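> Sharing a model that was predicted from the sequence below.
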2 protein chains.
Amino acid sequence: MKIIVDAMGGDNAPDEIVRGAFLAAEEYGVEIIMIGDENSIAETCDKHKLSAEEERISIIHTTEVVTMEDPALSVIRDKSGSSMSVGLRMLAEGKGDAFVSAGNTGALHAGSSLIVRRIKGIKRSAIAIILPFAKPLLLIDAGANIEVEPAHMVQFGIMGSIYMNKILNVEVPEVGLLSNGAESTKGTKKLIEAYKLMENEENINFVGNIEGKILPFGSCDVLVTDGFTGNILLKTVEGMGAYLMGQLKDIFYSNLITKVSALPLKNGLKKLKDDFDVSEYGGAPLLGLSRPVIKAHGNSDALAIKNAIRQAISYINTGIIVEIVKQTIKNETDEAVSAETNIVNEDKTTHDTQSKETSADEPM
Amino acid sequence: MKIIVDAMGGDNAPDEIVRGAFLAAEEYGVEIIMIGDENSIAETCDKHKLSAEEERISIIHTTEVVTMEDPALSVIRDKSGSSMSVGLRMLAEGKGDAFVSAGNTGALHAGSSLIVRRIKGIKRSAIAIILPFAKPLLLIDAGANIEVEPAHMVQFGIMGSIYMNKILNVEVPEVGLLSNGAESTKGTKKLIEAYKLMENEENINFVGNIEGKILPFGSCDVLVTDGFTGNILLKTVEGMGAYLMGQLKDIFYSNLITKVSALPLKNGLKKLKDDFDVSEYGGAPLLGLSRPVIKAHGNSDALAIKNAIRQAISYINTGIIVEIVKQTIKNETDEAVSAETNIVNEDKTTHDTQSKETSADEPM
């Protein structure tokens, strides 16, 4: 299995990306193709005493970088020679089995849709990220599509269900719609319309509107929303986790007695902190694409990159893309459209299935 | 000073509302007019041994109640005899100085706009709620307007600045716009437009886009957003607070050693828990109305109602409405519109100013 890694994307590139790639190659036994400036990558290898001769690692030299400030379409326009662009083209051409990037989310989403392309019948790809509550919750869309239509949200629900079933073995995932009230009349006009569509969609187990306050308490398995609201939610969950852990630290360090008292609680607290640490959950797939693209968090460290690569491996191994293709074909057939015309991604699908069969890597 | 209280609104009505009203009458020395079913109110008084003859408390009998499920406009249509409706009309007629309700938010917002009316020049009233971070943050709109225009958001910024200046003495409040990225190009089309308007608005100290992850860390004083996103944010902050405190409890109760260790930390943790307890911050004003309307949390207990009444008193005493009127007139004058035509709320303004002068109640 070959994982293509954007060595230049993210706040800590290329240092942490390169280190994470080496960790993954070692731990999971996969081949890594790093795309980026070969001098910078070599410097990082020297600095961290990583052997550039490691046979599972190869480098494709690029000089351009899509920055966080670049417009989304730069990836196919003035920065088509960038590490992100080259990586996506290699994925599209089958030169690797998945692409991992911690770079500009908008550019990765646009570039993936235009270069790697969506599964036929899927109207929008979306970022799906697992929120680390006691009962894990898949948030979809976590930031790819700022404005969406009701029909897109229904597809997010279907794709999210497949993901939770394949990755976390949830038999019949419960799908909720993020809104400002439980009643079907709550929310924007588009949400009210999405509610009706989801209620009547037999391929999802719709449980209705979900409010922020019950979110962390096992409210559902898949939470559907637009990418704007999803991104606000994701970052607020992160921010609140960091804030409350900081407040706790202040309480613990307030005097000698509290300092000593906090010691036996340390392990439990560390686990809680880790649960809300982005480096632990690593990356998020762009569901709906014809090949696996994993978005790693912008400030990923080496551990987060390693985990994002692990996620790419699981994504390939569990055959999620094949399942989304099947479900999409089924839906279109149900809508009395000939299924025959919809299997344009068959070659790509076959490729993914092969990856699954030949891989011996651990699932996530 | 007379505070009109909707005795029938909220999850715990009338019991907790009546108890809270008595607590406020006693603690703040204000007169309370309770609107609701007199039999239910009398029963509550009996049950909690509250003297119905308390001279500062009067009751206006109503039988109808706007429920959480009723459409917003029911307050002026089929339920115009409800406690909420009667209370709002009494406020509009000057029979009280403020109205407090824990009932249906949509109905309270619609009813307030139609019965009490907005300050002339203000396009939308909005719910403003203080998030209890180390540096308090005013969230506006927290749920009144599901869909808003860029110009509305600019007014939210102006009104929020006045509120934070008057209530929390912040000299020049920093105003941020909730978005999915710091750059001015991030967010929905409406947000990008709002960013431009706010950048050029001299009556606010605009600090740009604010992301969820930096929210709790003193990012700004006034956070502007639409009522849908604001409501999701507010409830997520509440949910995360409750969730993490629950997780902590599990850690503390895991064995005898952790139980004993947790004891010296108890005070600090209780304070942290209280900070995120809705009953502590009580209510939120509907900014932009010509008279004070305070929305108490739907599941308010007696303490939360008492605190919402305290907020109503502060709102009156600090002359926020007069200041918003002044600012709005100034803005319209700047736009070369004759100020003369804009002072239609002058009588109401005078009324509020009088309340301020005659009141001896403590500010919040």
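Yes, it's here. Numbering: from 1, shown residues only, chains lettered A, B, ... in the order given.

> export stretch A:221-241 as PDB, just CAs?
Output in PDB follows, covering the C-alpha atoms of stretch A:221-241 (Å, rounded to 0.1, in the frame of the first residue of the first chain):
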ATOM      1  CA  ASP A 221     -23.800   8.500  15.700                       C
ATOM      2  CA  VAL A 222     -23.800  10.800  12.700                       C
ATOM      3  CA  LEU A 223     -24.400  14.500  13.000                       C
ATOM      4  CA  VAL A 224     -25.300  16.200   9.700                       C
ATOM      5  CA  THR A 225     -24.700  19.900   9.200                       C
ATOM      6  CA  ASP A 226     -23.300  22.400   6.600                       C
ATOM      7  CA  GLY A 227     -19.600  23.000   6.600                       C
ATOM      8  CA  PHE A 228     -19.800  26.500   8.100                       C
ATOM      9  CA  THR A 229     -21.800  25.400  11.200                       C
ATOM     10  CA  GLY A 230     -19.900  22.200  11.400                       C
ATOM     11  CA  ASN A 231     -16.600  24.000  11.500                       C
ATOM     12  CA  ILE A 232     -17.800  26.400  14.200                       C
ATOM     13  CA  LEU A 233     -19.000  23.500  16.200                       C
ATOM     14  CA  LEU A 234     -15.800  21.500  15.800                       C
ATOM     15  CA  LYS A 235     -13.600  24.400  16.800                       C
ATOM     16  CA  THR A 236     -15.900  25.300  19.800                       C
ATOM     17  CA  VAL A 237     -15.600  21.800  21.100                       C
ATOM     18  CA  GLU A 238     -11.800  22.000  20.800                       C
ATOM     19  CA  GLY A 239     -11.700  25.400  22.300                       C
ATOM     20  CA  MET A 240     -14.000  24.400  25.300                       C
ATOM     21  CA  GLY A 241     -11.900  21.300  25.900                       C
END
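
> does that stretch come close to chain B?
Yes. Judged by CB under 8 Å from any CB of the partner chain, stretch A:221-241 comes into contact with chain B at A:227-229, A:231-241. (Glycine included, C-beta is placed from N, CA and C.)

> can you give me the offset of that stretch from its chain's centre?
In terms of CA atoms, centre = their mean, to the nearest Å, the centre of stretch A:221-241 is found 13 Å from the chain centre.

> In terms of helices and strands, where is the residue lying closest to A:Val18 once chain neighbours are set aside?
Excluding the flanking residues, the one nearest A:Val18 by CB to CB, 6 or more residues apart in numbering or on different chains is A:Thr44, at 4.4 Å. Using DSSP states H and E, A:Thr44 maps to helix A:38-47.

> Not counting its own residues, what contacts that helix?
Applying CB atoms under 8 Å, 6 or more residues apart in numbering or on different chains, the contact partners of helix A:38-47 are A:Ala7, A:Met8, A:Pro14, A:Asp15, A:Val18, A:Arg19, A:Met34, A:Leu50, A:Ser51, A:Ala52, A:Ile59, A:His61.

> ok, now stretch A:140-152?
Residues from elsewhere that reach stretch A:140-152, judged by CB under 8 Å, 6+ apart: A:105, A:109, A:123-129, A:156-157, A:159-160, A:163, A:190-191, A:193-194, A:196-197, A:222-228, A:230-231, A:233-234, A:284, A:286-287, B:180, B:187-189.

> average pLDDT for that stretch?
Mean pLDDT, stretch A:140-152: 95.

> Dump the C-alpha coordinates for that stretch into PDB.
Taking C-alpha atoms only, stretch A:140-152 is exported to PDB below (Å, rounded to 0.1, in the frame of the first residue of the first chain):
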ATOM      1  CA  ILE A 140     -20.200  15.800   8.700                       C
ATOM      2  CA  ASP A 141     -19.600  18.300   7.100                       C
ATOM      3  CA  ALA A 142     -16.900  19.700   9.400                       C
ATOM      4  CA  GLY A 143     -15.800  22.400   7.000                       C
ATOM      5  CA  ALA A 144     -15.600  21.600   3.300                       C
ATOM      6  CA  ASN A 145     -18.900  23.200   2.000                       C
ATOM      7  CA  ILE A 146     -19.700  26.600   3.500                       C
ATOM      8  CA  GLU A 147     -23.200  26.600   2.000                       C
ATOM      9  CA  VAL A 148     -25.100  23.500   1.100                       C
ATOM     10  CA  GLU A 149     -28.500  22.400  -0.200                       C
ATOM     11  CA  PRO A 150     -30.900  20.000   1.600                       C
ATOM     12  CA  ALA A 151     -30.200  17.200  -0.900                       C
ATOM     13  CA  HIS A 152     -26.500  17.400  -0.100                       C
END
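
> Tell me the buried residues in that stretch?
Across stretch A:140-152, burial judged by 16 or more other CB atoms under 10 Å in any protein chain shown covers A:Ile140, A:Asp141, A:Ala142, A:Gly143, A:Ala144, A:Asn145, A:Ile146, A:Val148, A:Pro150, A:His152.

> Stretch A:121-140 too?
A:121-122, A:124-133, A:137-140.

> Which members of those residues are positioned in strands?
A:Ala126, A:Ile127, A:Ala128, A:Ile129, A:Ile130, A:Leu131, A:Leu137, A:Leu138, A:Leu139, A:Ile140 (DSSP state E).

> B:Arg117: which of the residues you listed is nearest?
A:Leu139 (40.3 Å; CB to CB).

> Chain B versus that closest one, what's the distance?
From A:Leu139 over to chain B the distance is 11 Å, taken as CB to the nearest CB, to the nearest Å.

> partners of that residue in the sheet?
A:Ile129, A:Leu223 (DSSP bridges).

> how about the residue of the stretch 51-200 of chain A found nearest chain B, what does it touch?
Relative to chain B, the nearest point of the stretch 51-200 of chain A is A:Asn180 (4.0 Å; CB to the nearest CB). By CB under 8 Å, 6+ apart, the contact list for A:Asn180 reads A:Lys186, A:Gly187, A:Glu211, B:Gly143, B:Ile146, B:Gly227, B:Phe228, B:Asn231, B:Ile232, B:Lys235.

> redo that, cut-off 7 Å
Going by CB atoms under 7 Å, 6 or more residues apart in numbering or on different chains, A:Asn180 touches A:Lys186, A:Gly187, A:Glu211, B:Gly143, B:Phe228, B:Asn231, B:Ile232.

> Mind checking which of the buried residues of stretch A:140-152 are in helices?
Those of the buried residues of stretch A:140-152 mapping onto helices are A:Pro150, A:His152, per DSSP state H.

> Put together a markdown table for the buried residues of stretch A:140-152, with distance to A:Leu272 on each row.
Output for these, formatted as a markdown table (distance: CB to CB, whole Å):
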| residue | distance to A:Leu272 |
| --- | --- |
| A:Ile140 | 25 |
| A:Asp141 | 27 |
| A:Ala142 | 22 |
| A:Gly143 | 25 |
| A:Ala144 | 29 |
| A:Asn145 | 32 |
| A:Ile146 | 32 |
| A:Val148 | 33 |
| A:Pro150 | 37 |
| A:His152 | 35 |
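
> From the contacts of stretch A:140-152, keep the buried residues only.
Buried by 16+ other CB under 10 Å: A:105, A:109, A:124-129, A:156-157, A:159-160, A:163, A:190-191, A:194, A:222-228, A:230-231, A:233-234, A:284, A:286-287, B:180, B:187-188, out of those.
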